[in-house]
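**Student:** sequence and computational prediction follow.
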Amino acid sequence: MANSKYSKNVVTTPLREVGAGLKVKGITIPTRTYMSNKLVPGCETYIELSWIYEMPEPSLVIPAYHSHPYNEITLLIGSDPHNPEDLGAEIESYLGDEKINCTKTNATFIPAHVEHGHLEWKSFKRPHMMMSIMLGTGDFDKANPGALDH
């Protein structure tokens, strides 16, 4: 792929920028950014992910309610190949004024300008992955994933 005209579109070395100032045990922080305008100029998409490998401490990982001027998709992905729908954790968060409790692998569409946040782990059974896809913004400063400090 190195000599392909599309090799610049394939990111194998992520940036480590989201949550750099966050002090949470049990999660890969800073998270791994696999897509941004810095990595693939003009993509206008920001994708970051992190592994949760033990019960986060503190369990309230994203305390701030926040919104963005763009649509966002979040994914929580379990790691059991025999039961991939089982997340391996219970996670509580808010979308608008509604509390959401997740115990299953899922994708959540967050419309632009809808407040969300207060992401808290209630229990942990096995490692799982958390991914955010910010559509229409490819820049870290504009994306501001989780309303976290840089």
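**Tutor:** Cool, the structure landed.

**Student:** and the closest residue to Leu39 other than its chain neighbours, how far is that from Ser36?
**Tutor:** Sequence neighbours aside, Val11 is the residue nearest to Leu39 in space, at 5.0 Å (criterion: Cβ to Cβ, 6 or more residues apart in numbering). Bear in mind the C-beta positions are built from the backbone N, C-alpha and C, glycine included. Val11 sits at a distance of 9 Å from Ser36 (criterion: Cβ to Cβ, to the nearest Å).

**Student:** of the two, who's got more company?
**Tutor:** Taking other Cβ atoms under 10 Å, Val11 and Ser36 do not tie; Ser36 has more neighbours (25 against 16).

**Student:** correct me, but that one touches Lys142?
**Tutor:** No - at 9.9 Å, Ser36 does not count as touching Lys142 under the criterion of Cβ atoms under 8 Å.

**Student:** any common contacting residues for the two?
**Tutor:** Shared contacts of Ser36 and Lys142 (Cβ atoms under 8 Å, 6 or more residues apart in numbering): Tyr46.

**Student:** before I go, just wanted to say thanks for your time.
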